[in-house]
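Novice: What shape does this take:
(2 chains)
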Amino acid sequence: MKSAVIVFPGSNCDRDMAEALRLVTGRVPLMVWHRETGLPGGLDLIAVPGGFSYGDYLRSGAMAAQSPVMRAVKNAADRGTMVLGVCNGFQVLTEARLLPGALMRNAGIRFVCRDVALRVENSQSAFTARYDAGEEIVVPVAHHDGNYQADSETLDRLEGEGRIAFRYVGEVNGSARRIAGILNEGGNVLGMMPHPERAVEAAHGLDDGRRLFEGLLEAVGQPA
Amino acid sequence: MKIRVFVTLKNGVLDPQGKAIHHALEGLGFAGVNDVRAGKLIELDVAEGTSDADVEEMCRKLLANIVIENYRVERVEAAA
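Specialist: The predicted structure is shown next:
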């Protein structure tokens, strides 16, 4: 599986993502700087990592969404390339309108940094194929702006189309309908606040995130 | 030419920062504050002749996230 990790000024989970991809897929991903206007051909996955791109200026993800590389990411997503946005990456994908809604300041104001239980709502996507629908998994979160909001029409549509991939089991940040991760219409773009890349090996203490990456491997025809 | 763009959260969108400020004001003993909403003021210095449509586009594309925010544009007349 050929993957790339986008790096913005202020990304700080890019290496975690790269290491998780290397560990699970057996191939080192390409690191792509935000100024690039094109992406290498033949990519199976583009990961938009967590961090504080552009210092969260204006709104989290707002500046990164306008960077040159994001146009190429959008074009690749339109062609069906898988795109995974985690944490700040999720914020970037909503700001770039690859995913609907917005991520606002946590309802409790505080930065939330802990392991949280998630329910897998949809096991039909490439990202969630290795989980069972309804299964509970534990993955860490670390964010200040994880409060997912969209108008009720959009939320109903996400529910109706099975595009809510993960939901928090308990209250975490005030997200509408406890949404932790959503898919685009095509099912090839996933944005989520929790960090699956921080839960892929024994040393992490948690490995529930590993199956997300294994699902992607399977989706491109390589056994995990 | 100076332009001010006021970005505010849409009605009904929970404003955690406004709520925190409200709590703090109450903590300071200010009574009678019914609600607090926090927003942003962005000041632009643009070339003469920049059209309303250009400024609208700036607001919609970057300055405000129209999923959750409203914006209001104010042209600041230069002092005579």
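Novice: Quick check: closest non-adjacent residue to residue 13.
Specialist: Just going to use chain A. Distances taken as CB to CB, 6 or more residues apart in numbering or on different chains place A:Gly50 nearest to A:Cys13, at 3.5 Å, with adjacent residues excluded. For every residue, glycine as well, the C-beta is placed using N, CA and C.
Novice: Hmm, no, I was thinking of chain B.
Specialist: Once flanking residues are discounted, B:Val13 sits nearest to B:Ile68: 5.2 Å by CB to CB, 6+ apart.
Novice: was I right about that neighbour contacting A:Ala102?
Specialist: Yes. Using CB atoms under 8 Å, B:Ile68 makes contact with A:Ala102 at a distance of 4.6 Å.
Novice: Next, show the common contact partners of those two.
Specialist: Taking CB atoms under 8 Å, 6 or more residues apart in numbering or on different chains as the criterion, B:Ile68 and A:Ala102 both touch A:Gln149.
Novice: Next, please give the residue ranges for the helices of the chain.
Specialist: Picking chain A for this. Using DSSP state H, the helices of chain A run over A:14-25, A:62-65, A:68-78, A:88-95, A:152-160, A:210-219.
Novice: meant chain B actually
Specialist: Here chain B has its helices, by DSSP H, at B:16-27, B:52-58.
Novice: As JSON lines, the ones you listed with distance to A:Gly174, mean pLDDT and mean neighbour count would be great.
Specialist: Formatted as JSON lines, the helices of chain B follow (distance: least, CB to CB, whole Å; pLDDT from 0 to 100; neighbours: other CB atoms under 10 Å in any protein chain shown):
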{"stretch": "helix B:16-27", "distance to A:Gly174": "8", "mean pLDDT": "93", "mean neighbour count": "15"}
{"stretch": "helix B:52-58", "distance to A:Gly174": "30", "mean pLDDT": "96", "mean neighbour count": "13"}
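Novice: Output these as TSV; include the columns distance to chain A.
Specialist: Shown next, in TSV, are those (distance: least, CB to the nearest CB, whole Å):
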stretch	distance to chain A
helix B:16-27	5
helix B:52-58	11
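Novice: residues from chain A in reach of chain B?
Specialist: Contacts of chain A with chain B, taken as CB under 8 Å from any CB of the partner chain, map to A:58-59, A:62, A:66, A:94-95, A:100-102, A:104-109, A:147, A:149-151, A:174.
Novice: ok, 7 Å please
Specialist: Residues of chain A found near chain B (CB under 7 Å from any CB of the partner chain) are A:59, A:62, A:66, A:95, A:101-102, A:104-107, A:109, A:149-150, A:174.
Novice: Output the below-cut-off pLDDT ranges for chain B.
Specialist: Along chain B, the parts satisfying pLDDT under 70 run over B:78-80.
Novice: Could you identify which of the helices of chain A is most buried?
Specialist: With neighbours defined as mean count of other CB atoms under 10 Å in any protein chain shown, the helices of chain A peak in mean count at helix A:88-95, which reaches a mean of 30.
Novice: Sweet, I'm off.
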